[in-house]
Each structure stands twice: as structure tokens, then as C-alpha cells.
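**Q** What would the 3D arrangement of this be:
(2 chains)
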Protein chains: 2
Amino acid sequence: MQFFNLHSRRNSKIDSSSVKIGVFDSGVGGFTVVKELLSILPDVPIVYFGDTARTPYGPKSPEILRRYALEDAKFLIEKGANIIVIACHSAASCATQELRDKLSLPVFEVVTPSVEKACSLSKKGMIGIMGTRATVSSNIYPVLIPTKRPGAIVFQQPCPLLVPLVEEGWLKARETRMIVKKYLRPLKDKQIDTLVLGCTHYPLLKNVIQEKAGKRIKIVDPSREVAQKVASFLKESVITNNLNIEKTRTSCIREFFLSDLTPHTFEIVTRFLGRKVELKKA
Amino acid sequence: MQFFNLHSRRNSKIDSSSVKIGVFDSGVGGFTVVKELLSILPDVPIVYFGDTARTPYGPKSPEILRRYALEDAKFLIEKGANIIVIACHSAASCATQELRDKLSLPVFEVVTPSVEKACSLSKKGMIGIMGTRATVSSNIYPVLIPTKRPGAIVFQQPCPLLVPLVEEGWLKARETRMIVKKYLRPLKDKQIDTLVLGCTHYPLLKNVIQEKAGKRIKIVDPSREVAQKVASFLKESVITNNLNIEKTRTSCIREFFLSDLTPHTFEIVTRFLGRKVELKKA
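**A** Residues are numbered from 1 along each chain as shown, chains lettered A, B, ... in the order given. Predicted coordinates:
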């Protein structure tokens, strides 16, 4: 099983005169990452692609996800992106190396920053992962975490019902709380002290998850972590590559493309982003 | 809004020397239709295509579903199918006319037989539909039912969480029962006397649905209805077109193709079909 080189993106070059961050996701979940990026980097252009015509990625195979991820990234590059952010955990878990091998630009993803954060947060090294079937089956967390923190033990829980519950907006429903509790039970039994929300949808359930997990368990939100990683990289590039973020201000555009659009999609995106935005059909 | 001609398939010709039924679905749900076909027509060859690489169809737009349905049907025709059965309600609701316009072979689908059954079963003409967002948004049931039974009133309830619950195998879970009850509440408030299970996944929840709906409400299982429709058509063809079903016995094969395969897919298919079968990657 091959996993990706944590630091290969450092060697990549981007055009220092302009930056355009391309974010892709299996659907609308990646808007949690966009929200964090907009908060940390309000002046940097972003182009988003959500593959709503083939969503979700979570139950699908690594082979299919590698194909889809490459197509998604190429779409963003056609739209001018020179930095790629894989917002989807399922795609990040299965397809990051494929993208780094085939694309000559920096590729960020949600898994590595979450691994680093979980390893630094955890006191006992007992780390729980909530994720889709694709992410859990990839075993990326159980493989990567011990390389960053020898001796750490990782417990995984596939949580396939949380994506549809979030997409339905049942964020505080009794049924959602019961299902979150059921999924957390095996992780709590193992006495984890840190929990990674290993899917872009889960931050919307953060309050319920924190409540059911209990105060002793620290929660890692990958959306925030990856946004900070991108920000650090850009800051470093300002110094090392003479990157002028200010220059991009005048051309600061945000474009949000989806491969399928329904009236319900608009509702969900508004929920994820906390405000209305224009959505374009890819 | 255009809906399909209920009887256009009657005019289609099939090769009377051999029959091969092609069934397609957004994923594995169509195996409920296959199960009924195998029960009623044990000697007729079947080829199945489940679009697991792009499943589910329920939350997607009519435009996307028309494209997918045509691709799915063409795959089956390449595999020798000369009768097409659209097992997926979402695709049937949005794409039947497209397929009948573009393909020169009989196209059966799950909606029409369900409409006919519901109209004949209902005493008061108060008919409830449980379905995906695509099926409900298509309005096919509220349009077709009054054409078969003037004065009938149709009440629809989108039930997007039932597909993932069935795929998880939570067929009797407390959470599933609560969610079924919640979805049925508005339909019961309208005093429906007949209920159509408007998605191939729902027959697996038939017992829970019947329990929560109450004994007074009669349930229509489209999988059974469409299989009987195909059987009647073949019987009629035996007389009118000299079709010899017996001749097909020696070449009686069943092939099950899926556009994506994961270990979990095998589990779900076994649950749907009640036994293990060989699955091929399309």
C-alpha cells in the first residue's frame, strides 16, 4: 500500500505573480474548507469544484476515486488554479499520491494536517477517526499517525449515515444524536483522547459530536487545519518566491462550480457556507 | 412538463427467437426487481447494470439522470438486452420518454405499473408516495394517477434518508423505525389509504413501513408490479410474435454488472437478492 510523501508539495513551484486556489470535493462538503480559507485568506482567489453529479465518494472504490480526483483537479487547473486543495477525505485518502505524481503544482489535502494536529493534541496517543468507508478502508490514518507519533494507537469508525443526515439538515435531530452516539460508542470504549472529524461534512455536527464524545476528548477539524497549512505555504512563498498576495486583490474572484445543480443543492451550500453564493454548472 | 406514453412499448418489436431482459438501476436497489423477475420468469436471461460509480440518482437533476439512463441502457443493449427495464424510480421518473424516443426496443419502468396498482387498490383515491427527491420533484405520480383514476389525490413525501439506512443494513434499527415514522406522519395526516414504495430500496423496509403506516393502508411494491408487467408482455409475445421462451432456457444466463465494486457492495447485493451472486465490473 502506497501513501503520499507528506512534503513533496514543498518542491513544487507556483507562479509568484498570482495565486488561485483550486478546491475540489465530492460535492458540497468542501465548502467547510472554503469557509475556513475565506476566513484566513480573504484576498486570495478561489475556484471550487464539487462533483455533485457523482457524489458521494465515501462508499466508492479507490480506483474510481483516483480517476474522479484527477478529473476534478484537471477541471480546476483549466479554470486557472495553480494550487490544488483536496477537500474530500475519501479522495485525499486514496488519490493524493496520484495527483502529486501527475500534476506539477502544489497539492494540499485534509489528511496530513489532521494527522499532525491529532498527534500534537493527543496526550495518551489514543486517537479516534470518524470517516467514510473509503477513508477508513484506505487505512491512511492508522499508517500515517504512528510515523508522526511512534506508539500512538488509532481506532477507526466508519460513519456512513452522517453525510446524508448533514445533507438533509438534520443537524440537531434526535435521530442524528442517537446515530452519532452509536458511532462514538466503540471509540469511547477504547478510551480515545483525540478525535479526527475525517469527512468534510462532520464539522457541521461538531457540537453534537463534542457533546456525545464528552469534554475530555479533543476534536480535530481538518477544514481548519488544511486552510492554515495553505496559509502558511503562501506566507512562506511571499518570502521565498516574492509572492505578492496583495497583487491578487484586484482580481480576487471566487467561482463555485458544481457538476450537477438542483434546488436542494443551493439550500445545502447556504448551510455549509453560512451565506448565499452564486453556483455555476460545470 | 412531458411525461411518457404509457403504452408506447406495445408498438415495439423484439426478436422473437430470443429474449434478454436488461435491467438497470442507480446502484444495487434494482436487485429487488431482479429478485421478482427471477421468481416470475426463472427461465429468461437477465443482464443487470448498477451504476454504483455514480450512485445514488435520487438527489440528482433530471438533466443528469437522462444522460445517465441513456448510457446505462446502451450498456445493456451492448450486452445483448432486447428489453429494457428501468428499475430505478428516479431514472424512470425523469428519463423514460428519452429512452423510448431514442431506443427502438421495449422499455418498461417501475412507475406505470405502480400507478395502475395504486389506482386499482385505493378505495378512497387518497394515495401516498414515498420517494427520492428526484422522483418527488418530477411530479410523475401526481400527474399520472389522476389520468388513470380521475379525482384521485396524491400526497408525496421525499424520504432521502431511507436509501442510506437500507444500504447500511439498518433494516430494523430503532433509528430507522423513528425516521420511517417521521416520514409517514404527513401522509397519515392526509388519511391516505394506499402507499407506493417509490424507490427500489424501500421494499426491504416494507415490514417497518407497514407497521408504522398501520393495517388500513395498502402498500404497493413496484418491484413486483413491473416484473408482472414484463411477464404479461412476454406471455402476450409468445402468442402474437411466436416467442419461444423455452428456447432461451439453454442460454439462460444472468450477468450482473456494476460500474464500481467494493467489498461492501457484495454485502448489500446479498442482502437485496437473499443469496450470493457473481458481480462483474462494468
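
**Q** contacts, neighbours, all on C-alpha from now
**A** OK.

**Q** Heading C-terminal from the helix or strand where A:Ser39 lies, find the next helix or strand.
**A** Assigned by DSSP states H and E, A:Ser39 belongs to helix A:31-40. Where DSSP H and E defines the elements, the next helix or strand beyond helix A:31-40 is strand A:46-50.

**Q** orientation of that next one relative to helix A:31-40 in degrees?
**A** Using axes from the mean of the first three to the mean of the last three CA atoms, to 10 degrees, the inter-axis angle of strand A:46-50 relative to helix A:31-40 is 170 degrees.

**Q** Next to chain B, which bits of chain A? Give me the list.
**A** Proximity of chain A to chain B (CA under 8 Å from any CA of the partner chain) is limited to residues A:52-56, A:59-61, A:64, A:160-161, A:164-165, A:168, A:175, A:178-179, A:260-262.

**Q** So which of those residues belong to strands?
**A** Per DSSP state E, strands hold no members of the residues of chain A next to chain B.

**Q** Which of those residues fall in helices?
**A** A:64, A:164-165, A:175, A:178-179 (DSSP state H).

**Q** ok, of the residues you listed, which come out buried?
**A** Listed as buried from those are A:64, A:164-165, A:175, A:179; burial here means 16 or more other CA atoms under 10 Å in any protein chain shown.

**Q** For the residue of chain A found nearest chain B, which phi and psi angles does the backbone take?
**A** Closest residue of chain A to chain B, CA to the nearest CA: A:Arg54 (4.5 Å). Phi and psi for A:Arg54, reported as degrees, to the nearest 10, are phi -130, psi 10.

**Q** Let me see the contact set for it.
**A** A:26, B:53-56 (CA atoms under 8 Å, 6 or more residues apart in numbering or on different chains).

**Q** mind checking pLDDT for the most centrally placed residue in chain A?
**A** Computing the C-alpha centroid of chain A and ranking residues by CA atoms, centre = their mean puts A:Ala87 first, at 3.2 Å. The per-residue pLDDT reported for A:Ala87 equals 98.

**Q** cool, the one 5 residues further on as well?
**A** pLDDT, A:Ala92: 97.

**Q** what's the helix or strand for it?
**A** helix A:89-102.

**Q** residues near A:Glu116, how many?
**A** When neighbours are defined as other CA atoms under 10 Å in any protein chain shown, A:Glu116 has 16 of them.

**Q** That one contacts A:Lys148, correct?
**A** Yes: with contact defined as CA atoms under 8 Å, A:Glu116 counts as touching A:Lys148 (7.1 Å).

**Q** where exactly do the strands run in chain A?
**A** A:21-25, A:46-50, A:83-86, A:107-109, A:126-131, A:153-158, A:194-198, A:218-220, A:254-258, A:280-281.

**Q** just the angle between the lengthiest helix in chain A and helix A:89-102, please?
**A** When chain A is scanned for its longest helix (criterion: DSSP H), the result is helix A:222-240. Angle of helix A:222-240 versus helix A:89-102, following the same axes, to 10 degrees, is 30 degrees.

**Q** Contacts made by helix A:222-240 with the rest, please.
**A** With CA under 8 Å, 6+ apart as the test, helix A:222-240 has contacts from A:16, A:32-33, A:36-37, A:40-41, A:87, A:108-111, A:113-114, A:117, A:196-198, A:200, A:203, A:243-245.

**Q** about what we covered before: so the residue nearest to the centre of chain A sits against A:Val107, correct?
**A** No: when contacts are counted by CA under 8 Å, A:Ala87 is not listed as touching A:Val107 (10.7 Å).

**Q** ok so, going back, deepest of the strands of chain A, which one?
**A** The highest mean neighbour count among the strands of chain A, using mean count of other CA atoms under 10 Å in any protein chain shown, belongs to strand A:21-25: a mean of 29.

**Q** Show me what that strand packs onto, helices and strands only.
**A** In terms of contacts (3 or more CA pairs under 8 Å, 6 or more residues apart in numbering or on different chains; DSSP states H and E), strand A:21-25 is packed against strand A:46-50, helix A:62-78, strand A:83-86.

**Q** Could you dump these into a markdown table with distance to A:Val277 added?
**A** Output for these, formatted as a markdown table (distance: least, CA to CA, whole Å):
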| stretch | distance to A:Val277 |
| --- | --- |
| strand A:46-50 | 12 |
| helix A:62-78 | 18 |
| strand A:83-86 | 20 |
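
**Q** before we move on, back to that, quick one: which of the contacts of A:Arg54 is most hemmed in?
**A** Within the contacts of A:Arg54, neighbour counts (other CA under 10 Å) peak at A:Ser26, which reaches 29 neighbours.

**Q** Next, the contact list for it, please.
**A** For A:Ser26, the contacting residues are A:50-52, A:54-57, A:88, A:91, by CA under 8 Å, 6+ apart.

**Q** give me that answer again for 10 Å
**A** Taking CA atoms under 10 Å, 6 or more residues apart in numbering or on different chains as the criterion, A:Ser26 is in contact with A:49-58, A:65, A:68-69, A:72, A:86-91, A:200, A:258-259.

**Q** repeat for A:Lys123
**A** By CA under 10 Å, 6+ apart, the contact set of A:Lys123 is A:152, A:192-194, A:218.

**Q** Pull the number of nearby residues for A:Trp263.
**A** Careful, residue A:263 is Pro and not Trp. Neighbours of A:Pro263 (other CA under 10 Å): 10.

**Q** was I right about it contacting B:Pro62?
**A** No: the criterion here is CA atoms under 10 Å, and A:Pro263 misses it with B:Pro62 at 11.7 Å.

**Q** any shared contact partners between these two?
**A** Shared contacts of A:Pro263 and B:Pro62 (CA under 10 Å, 6+ apart): B:Ser137.

**Q** how far out from the middle of the chain is the helix or strand of chain A with the lowest mean pLDDT?
**A** Here the helix or strand of chain A ranked lowest by mean pLDDT, DSSP states H and E is helix A:222-240, holding a mean of 87. Centroid displacement of helix A:222-240 relative to its chain, using CA atoms, centre = their mean, to the nearest Å, is 14 Å.

**Q** go on, stretch A:64-84?
**A** 15 Å.

**Q** And the helix holding A:Ala92, what's buried?
**A** By neighbour count with 16+ other CA under 10 Å, helix A:89-102 contains the buried residues A:89-100.

**Q** Output the below-cut-off pLDDT ranges for the stretch 101-250 of chain A.
**A** Applying pLDDT under 70 to the stretch 101-250 of chain A flags the ranges A:238-250.
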